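> Turn this into a structure:
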Amino acid sequence: MAATDSPLKVNKVTKERVRLAAAMLACTQGELVDRAVAEYIENNAADFDTRLDAAREALLGGDEAVARFLAQG
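Prediction:
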């Protein structure tokens, strides 16, 4: 993946953890974040699918269903 100018805003503790982990794994901080996000999405695919199905149902249900869906957080 190509590097881009799109910084992530994280707290200082997380930033330090990313910095140290990347150094230990001999990769860039961006590569570490890419790997971590990909792994998280893979490990939580069922939750994403469930949420996507609920969003589709809400869209088919009209404005009130969409409002209820959005209010769930």
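
> doesn't residue 58 make contact with residue 68?
Yes: at 6.9 Å, residue 68 and residue 58 qualify as touching, with contact defined as C-beta atoms under 8 Å. Glycine gets a C-beta too; all of them are placed from N, C-alpha and C.

> Comparing these two, which residue is more hemmed in?
residue 58 (18 against 12; other C-beta atoms under 10 Å).

> Need the overlap of contacts for residue 68 and residue 58.
Listed as contacting both residue 68 and residue 58 by C-beta atoms under 8 Å, 6 or more residues apart in numbering is no residue at all.

> so residue 65, which of the three states?
Following DSSP: H, G, I helix; E, B strand; the rest coil, residue 65 is assigned to helix.

> Provide a list of residues in contact with residue 66.
Contacts of residue 66 (C-beta under 8 Å, 6+ apart): 58, 59.

> Quick check, central residue of the chain?
Using C-alpha atoms, centre = their mean, the residue of the chain that lies closest to the mean C-alpha position is residue 37, 6.0 Å off.

> Roughly how far does that one sit from residue 73?
21 Å (C-beta to C-beta, to the nearest Å).
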